[in-house]
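In: Fold the following for me, if possible:
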Amino acid sequence: MPEIRHDALTGDAVLLATARADRPAAFGRTGRADGSGVTGDERDPECPFCPGNEDRTPPEVLRSPAGSAVDGWSVRVFPNLFPLVESADASVGRVTADSVGGSTVTGMHEVLVLSPSHRRSFGLLDDDQAAEALLAARTRAAQLPADGASHVQVLVNHGREAGASLPHPHMQIVALDHVPEGVEADMERFAAGADSAEGADPVVEACEQAGGPRGVLHGDIDGVDVWCPYASVVPYQVRLALRAAGPSFATADDDEVRAASHGLRDALARLGRLLGDPPYNVVLRTAPTDTTRFHWFVDVLPRLTVQAGFEMATGLAVNIVDPDTAAQELRSV
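Out: Here you go, the predicted model:
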């Protein structure tokens, strides 16, 4: 029977309707059947993110390993040429825009290229490469508040269906001069859970799912828990967290970031192997650096289905794959 579930961490509501999966072409597989994700050359001479084309991007703000412009690199970070809001100074990526209420929003929008390889997505990186990429993201997430940002959002859009405009795998780092309402709501929800009669950390409580039927990894990689949430809003959604993590990704230490990168790499590799390199979004849910009551975690949301009229009208997500089934399949690869 269809049922409505609620996510205690994000506030999302989902209608779990597994019978819908029996429809013809309920969702399609994308990419390579073997899930490798490598569909062409490791370098594209026309790609602005590939080595040798560094002059096609704005000046970088971070390079790893550090070196001169002619040295090789593993990770590059630079301002986005097409930021989410209108750029007031494209040379540095500073962005401003007037909102409906007439107020001004300022911030920064940066691109983090995951590796020199044109087709090597996060799930195909080795452990050192994955750690290097996420450590670079943490470095920028820590620096941008010092430059005046109130909230920094780290995310990955992988594949055109997930919002990526270029195929070369990359992260995006968006800094805003205010804390968005959705983030404020996440922090309030966390505080309410921590202040409940049980008084436990809601993310730590959620990590317990990784030891049950919805678990994918239960501390198997550097103490990272990975599971399919009870109220998964899309098929094969996975969530990962470290039980000892603090409120903000920007203040996480190197060991925590490396552990998270290894767990994320493993989760994405499993999704790629099972689903044939699907489009997906990675959303790092974190509090601003001046917030003490939160517990940062990561959501991975494959884009296998399309939001339709029912979802738009009701605010209910529709998921056609039981999270228990999704987790079992992910554990098996």
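In: And the helices in this protein?
Out: Taking DSSP state H, the helices of the chain run over residues 127-146, 181-194, 202-207, 254-275, 309-314, 323-331.
In: Would you mind finding the most buried of those?
Out: Counting by mean count of other CB atoms under 10 Å, helix 254-275 has the highest mean neighbour count of the helices of the chain, with a mean of 22. Just so you know, the C-beta spots here come from the backbone N, C-alpha and C atoms, and that holds for glycine as well.
In: What angle do helix 127-146 and the longest strand seen in the chain make with each other?
Out: Secondary structure of the chain per DSSP state E: the longest strand is strand 104-113. Strand 104-113 and helix 127-146 are oriented at 160 degrees to each other (axes from the mean of the first three to the mean of the last three CA atoms, to 10 degrees).
In: Strand 104-113 - which strands sit beside it in the sheet, and in what orientation?
Out: strand 75-79 (antiparallel), strand 94-98 (antiparallel), strand 170-176 (antiparallel) (DSSP bridges).
In: Just the C-alphas of it, formatted as PDB.
Out: Provided in PDB are the C-alpha atoms of strand 104-113 (Å, rounded to 0.1, in the frame of the first residue of the first chain):
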ATOM      1  CA  THR A 104      20.400  43.000  -2.500                       C
ATOM      2  CA  VAL A 105      22.000  39.600  -2.300                       C
ATOM      3  CA  THR A 106      25.800  39.300  -2.500                       C
ATOM      4  CA  GLY A 107      28.000  36.300  -2.500                       C
ATOM      5  CA  MET A 108      30.500  34.200  -4.500                       C
ATOM      6  CA  HIS A 109      30.000  31.300  -6.900                       C
ATOM      7  CA  GLU A 110      33.000  29.100  -7.600                       C
ATOM      8  CA  VAL A 111      33.800  25.900  -9.600                       C
ATOM      9  CA  LEU A 112      36.000  23.100  -8.200                       C
ATOM     10  CA  VAL A 113      37.300  20.800 -10.900                       C
END
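In: hang on, the earlier thing: tell me which of the helices of the chain sits nearest to Val298.
Out: With CB to CB, the closest approach to Val298 among the helices of the chain belongs to helix 254-275: 6.1 Å.
In: just checking, what packs against that closest one?
Out: Applying 3 or more CB pairs under 8 Å, 6 or more residues apart in numbering; DSSP states H and E, we find helix 254-275 packed against helix 127-146, strand 215-221, strand 224-227, strand 238-242, strand 280-285, strand 297-302, helix 323-331.
In: can you redo these as JSON lines with distance to His168?
Out: Listed next are the helices and strands packed on helix 254-275 as JSON lines, based on distance: least, CB to CB, whole Å:
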{"stretch": "helix 127-146", "distance to His168": "13"}
{"stretch": "strand 215-221", "distance to His168": "26"}
{"stretch": "strand 224-227", "distance to His168": "26"}
{"stretch": "strand 238-242", "distance to His168": "24"}
{"stretch": "strand 280-285", "distance to His168": "16"}
{"stretch": "strand 297-302", "distance to His168": "20"}
{"stretch": "helix 323-331", "distance to His168": "26"}
